[in-house]
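Undergrad: the following block contains a protein sequence and its predicted model.
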Protein chains: 2
Amino acid sequence: VPESDRQNLYPMAFTVNGLDRQANHRSDVPFVDSLRDAPSSHCLLFNGDKTFAPGGLPQPIVGDVPQHALFLGIDHENIAWFAAASPIEEELVDLRSLALSGTASHEMLGRLAQARALLHWHERHGFCANCGAATEMADAGYRRHCASCTADHFPRTDPVIIIAVKRQGKILLGRQAVWKEGMFSTLAGFMEPGETIEEAARREVFEESGIRVGEARILFNQPWPFPASLMIGLVGEALNDDIVVDPKELETARWFSRDDIAAMMAGNHAGGCHTPPPMAIAHRLIAAAMAEG
Amino acid sequence: VPESDRQNLYPMAFTVNGLDRQANHRSDVPFVDSLRDAPSSHCLLFNGDKTFAPGGLPQPIVGDVPQHALFLGIDHENIAWFAAASPIEEELVDLRSLALSGTASHEMLGRLAQARALLHWHERHGFCANCGAATEMADAGYRRHCASCTADHFPRTDPVIIIAVKRQGKILLGRQAVWKEGMFSTLAGFMEPGETIEEAARREVFEESGIRVGEARILFNQPWPFPASLMIGLVGEALNDDIVVDPKELETARWFSRDDIAAMMAGNHAGGCHTPPPMAIAHRLIAAAMAEG
């Protein structure tokens, strides 16, 4: 199945936002100012992880876009979208719950993801990692500049591998102690300097579960703005089946049969186990591994 | 062709390093100390982008590993490898030239890539981006801690898309003015917050060349430690053929025929054009796009 069909058939959260980011024009201050001052311009508001959503539905303010707002892009109707941190304390919804609820449109979730990742980066990167001086926002939110040492800093996007590991019709899933009871998911972890995607997946699976992965294939990817991850999803073949859990990383890990998985996805597993929801790449990877057999 | 075969048949630089990174044991200070003090331990030395390479061949020092060295991992012979910045000024080779020369082993290049990416991160991240205070190294080089605000910082890995765009048997390649004469390569750019890999590729290609990409597939990936990129390589199908170059990004971009590409790869193109070398993912993507037709 081609990627475009795979991504569109059952869209994962945050994978489409329908905005033209106009990346080549962000450093054009009069251009961005003119968009910010347009009466039709929209601005999404966030207080930390939560966005302004009266009645549970995210809603941008129209016009009066704050000077410190970040530029997200221009939509199909030629409306410019911005995002800003705000001290607002009422009618807030956190982005993860919103994605789970299915009440927001796919494009709205994508815009909120872009906004949340950028806003979080600014919140935590007000100083220059190179010299310690205060930095200032530039390029409508896509750069921070240090006037002291002249360093430029760009938003982080942290690649994370997440993998459905198969062996003889079973799938390896694990759970962290902090997750809600019965939830099992695919193993995942941050990539490190000097690794390929496949090697990172093999390293993480071995560290967490003692399972060696041979062949591994990239299937899907998903922006995951909590705070700044890019989830890169694989399906891989296990070379052994004796699980040795690292208790610092996982509470437990198990091989689940096809029948187990089908029941977990349907929400009627006899042992009370379940998989992550369809908005998450883990769900899609488990489904793909099942389909491959 | 499965990924493992594709990666191994003609290995790209920096894709394998043969080390067990022992990521779960890095925070165990006595463990790392015992490895650092072992007489057999190896340490790669870098001064900026250049590594110690007497006679042009990279060579670790054996024993006497500096206290500030970063831990890379343990090799097949149970030897621990470290890396350290050093003021050494003679017998240095830069890592890019070394990869081009083909004189170092594939695993040595992978170790040097891991070392270079980590060392560069420490060089440029001595202060806390959250509060501006000086930070200190932890976890044998894989974390920096801020005692002032308690923030932890982790090495950056910046995902970059790089794509061979096809249309009716031709391939789109561009060049930057600073490249050596005649060099043309696949278009590339940094991913942004809230993007999928495929959307980032479409955005970059449109920004740089005015070409719209439809279907796009991820084929290869390569760590690229200059300073901290993860190259994610795709082949994609163009939807139009009228190139509009952004002069801020590219000097020019062109459609090359199969005959052009074959001559460029063989080094006998009549117009003096050539492709990047086989050690680079761009070369592999161009070859894959050619093979697909």
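TA: Okay, I see it.

Undergrad: residue contacts, A:His25?
TA: Residues near A:His25 by Cβ atoms under 8 Å, 6 or more residues apart in numbering or on different chains: A:Phe31, A:Val32. Bear in mind the C-beta positions are built from the backbone N, C-alpha and C, glycine included.

Undergrad: swap in 6 Å and give it another go.
TA: Neighbour list for A:His25: A:Phe31 [criterion: Cβ atoms under 6 Å, 6 or more residues apart in numbering or on different chains].

Undergrad: ditto for the one 5 residues further on
TA: By Cβ under 6 Å, 6+ apart, the contact set of A:Pro30 is empty.

Undergrad: is it in a helix, a strand, or coil?
TA: Taking DSSP: H, G, I helix; E, B strand; the rest coil as the rule, one finds A:Pro30 in the helix state.

Undergrad: now swap in the one 4 residues further on and tell me
TA: Following three-state DSSP, the label given to A:Ser34 is helix.

Undergrad: okay, it and chain B: tell me how far apart.
TA: For A:Ser34, the distance to chain B (Cβ to the nearest Cβ, to the nearest Å) stands at 20 Å.

Undergrad: then A:Phe14?
TA: From A:Phe14 to chain B the distance is 7 Å (Cβ to the nearest Cβ).

Undergrad: A:Phe71 and chain B, how far apart?
TA: Applying Cβ to the nearest Cβ, one obtains 12 Å for the distance of A:Phe71 from chain B.

Undergrad: with just CA atoms, put the one helix or strand that residue maps to into CSV.
TA: Of the helices and strands defined by DSSP states H and E, A:Phe71 is found in strand A:70-74. Provided in CSV are the C-alpha atoms of strand A:70-74 (Å, rounded to 0.1, in the frame of the first residue of the first chain):
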residue,chain,number,x,y,z
LEU,A,70,4.4,32.5,16.2
PHE,A,71,3.5,32.1,12.5
LEU,A,72,2.1,28.7,11.6
GLY,A,73,1.1,29.1,7.9
ILE,A,74,-1.7,30.0,5.5
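
Undergrad: show residues contacting that strand.
TA: The contact list for strand A:70-74, computed with Cβ under 6 Å, 6+ apart, reads A:19-21, A:32, A:80-83, A:111, A:114, A:118, A:140-141.

Undergrad: what is the nearest of these to chain B?
TA: Within the set of the contacts of strand A:70-74, A:Gln114 lies nearest chain B; the separation is 3.1 Å, counting by Cβ to the nearest Cβ.

Undergrad: wait, the closest one touches B:Gly194, no?
TA: Yes. A:Gln114 is within contact range of B:Gly194, at 3.1 Å (criterion: Cβ atoms under 6 Å).

Undergrad: the two - which one has more neighbours?
TA: With other Cβ atoms under 10 Å in any protein chain shown as the criterion, A:Gln114 and B:Gly194 differ in neighbour count, and B:Gly194 comes out ahead with 30 against 26.

Undergrad: OK, contacts around that one?
TA: By Cβ under 6 Å, 6+ apart, the residues touching B:Gly194 are A:Ala113, A:Gln114, A:Ala117, A:Pro223.

Undergrad: tabulate the residues you listed in JSON lines, adding columns for distance to chain B, pLDDT and secondary structure.
TA: Converted to JSON lines, the contacts of B:Gly194 look like this (distance: Cβ to the nearest Cβ, whole Å; pLDDT from 0 to 100; DSSP: H, G, I helix; E, B strand; the rest coil):
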{"residue": "A:Ala113", "distance to chain B": "4", "pLDDT": "97", "secondary structure": "helix"}
{"residue": "A:Gln114", "distance to chain B": "3", "pLDDT": "98", "secondary structure": "helix"}
{"residue": "A:Ala117", "distance to chain B": "3", "pLDDT": "97", "secondary structure": "helix"}
{"residue": "A:Pro223", "distance to chain B": "5", "pLDDT": "97", "secondary structure": "strand"}
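
Undergrad: which of the residues you listed has the largest number of neighbours?
TA: When neighbours are counted by other Cβ under 10 Å, A:Pro223 leads the contacts of B:Gly194 with 30 neighbours.

Undergrad: that residue and A:Ala280: what is the separation?
TA: Between A:Pro223 and A:Ala280 the distance, using Cβ to Cβ, to the nearest Å, works out to 12 Å.

Undergrad: could you do A:Pro227 as well?
TA: Separation of A:Pro227 from A:Ala280 (Cβ to Cβ): 16 Å.

Undergrad: these two: which has the busier surroundings?
TA: The residue with more neighbours, out of A:Pro227 and A:Ala280, is A:Ala280; 23 against 16, by other Cβ under 10 Å.

Undergrad: picking that back up, can you name the element that comes right after the strand holding A:Phe71?
TA: Using DSSP H and E, the next helix or strand after strand A:70-74 towards the C-terminus is strand A:80-85.

Undergrad: as a check, name the ranges of all strands in the stretch 51-200 of chain A.
TA: Counting by DSSP state E, counting those that start in this stretch, one finds strands in the stretch 51-200 of chain A at the ranges A:61-62, A:70-74, A:80-85, A:92-94, A:136-138, A:143-145, A:152-153, A:158-167, A:170-175, A:187-190.

Undergrad: in TSV, list the ones you listed along with mean pLDDT and mean neighbour count.
TA: Conversion of those to TSV gives the following (pLDDT from 0 to 100; neighbours: other Cβ atoms under 10 Å in any protein chain shown):
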stretch	mean pLDDT	mean neighbour count
strand A:61-62	96	15
strand A:70-74	98	24
strand A:80-85	98	23
strand A:92-94	96	18
strand A:136-138	98	13
strand A:143-145	98	18
strand A:152-153	98	16
strand A:158-167	98	24
strand A:170-175	98	23
strand A:187-190	98	20
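
Undergrad: make JSON lines out of the ones you listed and add distance to A:Ala287.
TA: Rendered in JSON lines, the data for the strands of the stretch 51-200 of chain A read as follows (distance: least, Cβ to Cβ, whole Å):
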{"stretch": "strand A:61-62", "distance to A:Ala287": "38"}
{"stretch": "strand A:70-74", "distance to A:Ala287": "31"}
{"stretch": "strand A:80-85", "distance to A:Ala287": "32"}
{"stretch": "strand A:92-94", "distance to A:Ala287": "26"}
{"stretch": "strand A:136-138", "distance to A:Ala287": "41"}
{"stretch": "strand A:143-145", "distance to A:Ala287": "39"}
{"stretch": "strand A:152-153", "distance to A:Ala287": "39"}
{"stretch": "strand A:158-167", "distance to A:Ala287": "9"}
{"stretch": "strand A:170-175", "distance to A:Ala287": "10"}
{"stretch": "strand A:187-190", "distance to A:Ala287": "16"}
